[in-house]
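Participant: Predicted model and sequence below, questions to follow.
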Amino acid sequence: MFKSPTYLFIGLLASVLVFQACGTGEPEGDPDPLTLEYLMSLSDEELMERDSDGDELSDYDEIYVYGTDPLAPDTDEDGLTDYEEVNTYGTDPLNSDSDDDGISDGDEVNVYGTDPLSADTDGDGISDGEEVDNYGTDPLDPDSDGDGLSDGEEVNELGTDPLDPDSDGDGFTDGQEIEMGSDPLDSNDPPYIEELNTINFDFDKSDIRDGDARKLSENVDQLMEVEAFRVRVDAYTDHIGGDQYNQRLSLRRANAVVNFYKDNGIAEDRIEYRGLGKAPVECAEAEKDSDTPGCEKNRRAESHPLNPYPFSPGN
């Protein structure tokens with residue numbers, strides 16, 4: 001059967017259209033790799049529906065609101081997602097250290113528990129970064145060593161150790177020394193008398209023996225050196241004899257020590273004394289003297305230094 005040229009052209013055109021339709025198929029997918037240039041070629045509506053990096057912020061918000069990278073869930077690589085920075089912590093998703101304290105926002109939140117929006121979380125005068133990296137102090141505790149001084153005071157003003165409550169090792173905390181007006185870096189300030197010698201007496205005697213006089217002289221030396229201290233003398237007897245007699249004997253012993261102190265330069269107003277009679281605890285049988293009645297251990301005069309300070313070492 002003969003076909004005209006017109007009929008053949010129409011058939012050819014139909015074949016071309018069918019071929020083109022088959023070749024076009026569905027719209028092309030995202031390029032691989034996905035690029036920012038491609039995303040910005042999309043409509044606002046399309047971008048609002050997309051979250052290419054899975055950080056829970058739409059591509060539109062990342063590109064046009066926050067300026068973050070829609071292809072990276074953590075634009076500033078600080079350990080927090082862009083969404084967490086924007087919606088949870090209020091930090092800057094474009095700055096890995098929002099408060100500029102030397103610690104990344106992620107470490108502040110996930111490691112140290114500090115405030116990524118405050119350079120000095122505990123308000124002690126030292127930045128969180130300095131506490132962690134320079135001094136080893138606690139960025140969440142303004143007084144890391146519990147001495148009554150803030151870490152900032154210790155580091156910036158006093159030069160004391162913020163990790164040692166007693167920088168000079170004299171038994172007083174740094175805070176106590178500042179309160180007393182002494183030097184927390186000088187172990188001899190404030191001067192302190194820890195203890196004084198005790199002396200003993202012969203049976204039924206109140207005379208000071210030569211060896212005990214040397215002990216009292218050592219006490220005098222300490223009291224002369226530390227004039228802030230006063231002294232209290234407590235004298236006792238053993239358990240031989242009556243209570244009234246022993247009360248008087250203990251008072252004579254106390255007076256003997258007081259007179260020694262006064263004769264050797266200790267002012268009377270620095271001395272207290274008591275005659276307390278029989279010692280509070282009787283000596284055990286094995287401790288009693290073999291050649292005299294009673295027990296020398298109880299025939300004694302104790303000299304107690306009276307602390308003039310509001311604190312004692314170790315308390």
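Facilitator: Perfect, thanks for sending it.

Participant: close enough to count as contact, residue 246 and residue 277?
Facilitator: Yes: look at residue 246 against residue 277 with C-beta atoms under 8 Å: they come within range, at 4.9 Å. In short, each C-beta sits where N, CA and C put it, glycine included.

Participant: residues shared between the contacts of the two?
Facilitator: Residues touching both residue 246 and residue 277 by C-beta atoms under 8 Å, 6 or more residues apart in numbering: residue 237.

Participant: for residue 222, what are its contacts?
Facilitator: By C-beta under 8 Å, 6+ apart, the contact set of residue 222 is 193, 196, 229, 305.

Participant: Mind picking the two most distant members of the residues you listed?
Facilitator: Greatest spatial distance in the contacts of residue 222: 196 and 229, 9.2 Å, computed using C-beta to C-beta.

Participant: Pick out whichever of those two has more residues nearby.
Facilitator: Regarding residue 196 and residue 229, a neighbour count based on other C-beta atoms under 10 Å identifies residue 196 as having more, with 21 against 18.

Participant: Just the buried positions in stretch 40-52, please.
Facilitator: Residues 42, 47, 50-52 are the ones in stretch 40-52 that count as buried (16 or more other C-beta atoms under 10 Å).

Participant: Nearest to residue 233 among those?
Facilitator: Among these, residue 51 lies closest to residue 233 (C-beta to C-beta), at 86.2 Å.

Participant: Excluding covalently adjacent residues, which one is nearest to the closest one?
Facilitator: With sequence-adjacent residues excluded and distances taken as C-beta to C-beta, 6 or more residues apart in numbering, residue 51 is closest to residue 58, at 5.7 Å.

Participant: Quickly note the distance from that neighbour to residue 99.
Facilitator: 27 Å (C-beta to C-beta, to the nearest Å).

Participant: Settle it for me: which of these two has more neighbours?
Facilitator: Neighbour tally, residue 58 and residue 99, criterion other C-beta under 10 Å: the higher count belongs to residue 99, 22 against 17.

Participant: related to what we said a few turns ago, closest one to residue 133 out of the contacts of residue 222, please.
Facilitator: Looking across those and measuring by C-beta to C-beta, the closest to residue 133 is residue 193, at 43.1 Å.

Participant: Doesn't that closest one lie inside a strand?
Facilitator: No: assigned with DSSP: H, G, I helix; E, B strand; the rest coil, residue 193 falls outside any strand and is coil.

Participant: How many residues are close by it?
Facilitator: 19.

Participant: what about the helices in the stretch 201-315 of the chain?
Facilitator: Applying DSSP state H, counting those that start in this stretch to the stretch 201-315 of the chain gives helices spanning 210-225, 243-263.

Participant: Please identify the deepest-packed of these.
Facilitator: Mean neighbours per residue, mean count of other C-beta atoms under 10 Å, is largest over those for helix 243-263, with a mean of 18.

Participant: what's that one packed up against?
Facilitator: helix 210-225, strand 230-237, strand 271-278, strand 300-306 (3 or more C-beta pairs under 8 Å, 6 or more residues apart in numbering; DSSP states H and E).

Participant: Pull up the overlap in contacts between residue 196 and residue 229.
Facilitator: 222-223, 305.

Participant: where does residue 177 fall, phi/psi-wise?
Facilitator: Main-chain torsions, residue 177, degrees, to the nearest 10: phi -70, psi -40.

Participant: In contact with it: list those residues for me.
Facilitator: For residue 177, the contact set (C-beta under 8 Å, 6+ apart) comprises 168, 183-184, 189-190.

Participant: Quick check: it vs residue 192, distance?
Facilitator: 11 Å.

Participant: Also residue 227?
Facilitator: For residue 227 relative to residue 192 (C-beta to C-beta), the value is 12 Å.

Participant: Neighbour count for those two, which is higher?
Facilitator: A count of neighbours by other C-beta under 10 Å puts residue 192 above the other of residue 227 and residue 192, at 21 against 12.

Participant: Residue 308 is in contact with that one, correct?
Facilitator: No: using C-beta under 8 Å, residue 192 makes no contact with residue 308, being 9.7 Å away.

Participant: What sits closest to residue 275 if chain neighbours are left out?
Facilitator: Nearest non-adjacent residue to residue 275 (C-beta to C-beta, 6+ apart): residue 251, at 2.9 Å.

Participant: same question, residue 270
Facilitator: The shortest distance from residue 270 to any non-neighbouring residue, by C-beta to C-beta, 6+ apart, is to residue 230 (4.6 Å).
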